[in-house]
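Chemist: Sequence plus predicted model, see below.
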Amino acid sequence: NVSVGVIGVVSSRRSQPERETMELIEVLAHQAGAAIRNAQQFERTHILSITDGLTGAYNYRFLIDAIKKEIARAERFGEQFSIIMLDVDSLKEYNDVHGHLRGSGVIKQVAKIASTCLRSIDMLCKYGGDEFVVVLPKTSKAGAAVAADRLRRAIEKYRFPGERLTGKITASMGIASYPEDGTTVQELISRADKALYKAKRQGRNKVWLSGSKTAYSGH
């Protein structure tokens with residue numbers, strides 16, 4: 001058995017507690033331990049239900065709920081927030097040469113890099129096979145562009161195993177902000193996706209802001 005806690009008993013009497021008292025304490029200790037274990041199991045089950053098994057990022061279900069909550073919060077307090085849609089460049093070529101198992105390793109590493117570049121309040125979510133969406137609370141489009149470019153440069157700098165045979169692994173990103181680019185989940189994701197498509201079409205490894213005519217330059 002694994003210990004999950006300690007119960008301390010303080011008695012005002014100098015004599016040893018009666019047997020019945022000790023038995024009652026033991027029963028209470030077992031009940032408390034069972035309650036703690038149930039709570040821990042519930043927490044583990046809850047975490048599994050909202051995270052992606054490969055990357056540890058939040059899953060699509062969590063993403064949609066998170067954007068809905070940010071819309072409600074931003075509307076209530078008159079705030080902004082932004083989302084970044086990220087797609088891993090050259091992953092198809094990498095998979096064709098190295099196989100999908102190693103390609104999954106690339107996706108996992110991208111998520112790890114992202115977790116070191118983002119704030120604790122930002123939410124990294126798995127969107128598709130090689131796509132992520134980052135939800136940035138209380139963040140303007142300009143602030144999101146800075147965060148996205150920092151992440152883009154970190155991925156570009158990282159040396160992925162075997163990329164010399166397939167082309168440099170980089171990431172393209174599209175940004176949309178509430179309420180400028182949309183006031184619903186569908187509108188924001190659609191605008192971010194369109195911006196991402198422009199970044200991919202204009203040569204990859206770029207950050208594109210919804211509504212912009214050029215890629216973000218970082219200046």
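Modeler: Done, it's in.

Chemist: contacting residues for the residue nearest to the spatial centre of the chain?
Modeler: Nearest to the geometric centre of the chain sits residue 124, at 2.2 Å (C-alpha atoms, centre = their mean). Residue 124 makes contact with 57-58, 111, 114-115, 118, 132, 134, according to C-beta atoms under 8 Å, 6 or more residues apart in numbering. Where C-beta positions appear, they are placed from N, C-alpha and C, glycine not excepted.

Chemist: Could I have the CA atoms of the helix or strand hosting residue 152 written out in PDB?
Modeler: Element membership of residue 152 [criterion: DSSP states H and E] is helix 141-157. Extracted in PDB, the C-alpha atoms of helix 141-157 (Å, rounded to 0.1, in the frame of the first residue of the first chain):
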ATOM      1  CA  LYS A 141      -2.800  41.100 -32.100                       C
ATOM      2  CA  ALA A 142       0.500  42.900 -31.800                       C
ATOM      3  CA  GLY A 143       1.400  41.000 -28.700                       C
ATOM      4  CA  ALA A 144       0.400  37.700 -30.300                       C
ATOM      5  CA  ALA A 145       2.600  38.500 -33.200                       C
ATOM      6  CA  VAL A 146       5.600  39.000 -30.900                       C
ATOM      7  CA  ALA A 147       4.800  35.700 -29.100                       C
ATOM      8  CA  ALA A 148       4.300  33.800 -32.400                       C
ATOM      9  CA  ASP A 149       7.600  35.100 -33.900                       C
ATOM     10  CA  ARG A 150       9.500  34.100 -30.800                       C
ATOM     11  CA  LEU A 151       8.100  30.600 -31.100                       C
ATOM     12  CA  ARG A 152       8.800  30.500 -34.800                       C
ATOM     13  CA  ARG A 153      12.400  31.400 -34.300                       C
ATOM     14  CA  ALA A 154      12.800  28.800 -31.500                       C
ATOM     15  CA  ILE A 155      11.500  26.000 -33.800                       C
ATOM     16  CA  GLU A 156      13.700  27.200 -36.700                       C
ATOM     17  CA  LYS A 157      16.700  27.200 -34.400                       C
END
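
Chemist: could you give me the average pLDDT of it?
Modeler: Rounded to a whole number, the mean pLDDT of helix 141-157 is 98.

Chemist: Please list only the buried members of the contacts of residue 124.
Modeler: By neighbour count, with 16 or more other C-beta atoms under 10 Å, those hold 57-58, 111, 114, 118, 132, 134 as buried.

Chemist: Run through the chain and note the low-pLDDT ranges.
Modeler: By pLDDT under 70, the weakly predicted segments of the chain are 1-18, 21-22, 29-48, 219.

Chemist: same thing but 50
Modeler: Applying pLDDT under 50 to the chain flags the ranges 42-43, 45-46.

Chemist: As a check, name the ranges of all strands in it.
Modeler: Counting by DSSP state E, one finds strands in the chain at the ranges 81-88, 123-126, 131-136, 171-178, 207-209.

Chemist: Just the C-alpha atoms of the fourth one, please, in CSV.
Modeler: In CSV, the C-alpha atoms belonging to strand 171-178 read as follows (Å, rounded to 0.1, in the frame of the first residue of the first chain):
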residue,chain,number,x,y,z
ALA,A,171,6.5,26.3,-38.5
SER,A,172,4.1,28.7,-40.2
MET,A,173,1.6,30.6,-38.1
GLY,A,174,-1.6,32.6,-38.6
ILE,A,175,-3.1,35.0,-36.0
ALA,A,176,-6.6,36.2,-35.3
SER,A,177,-7.8,38.4,-32.5
TYR,A,178,-11.1,39.0,-30.7
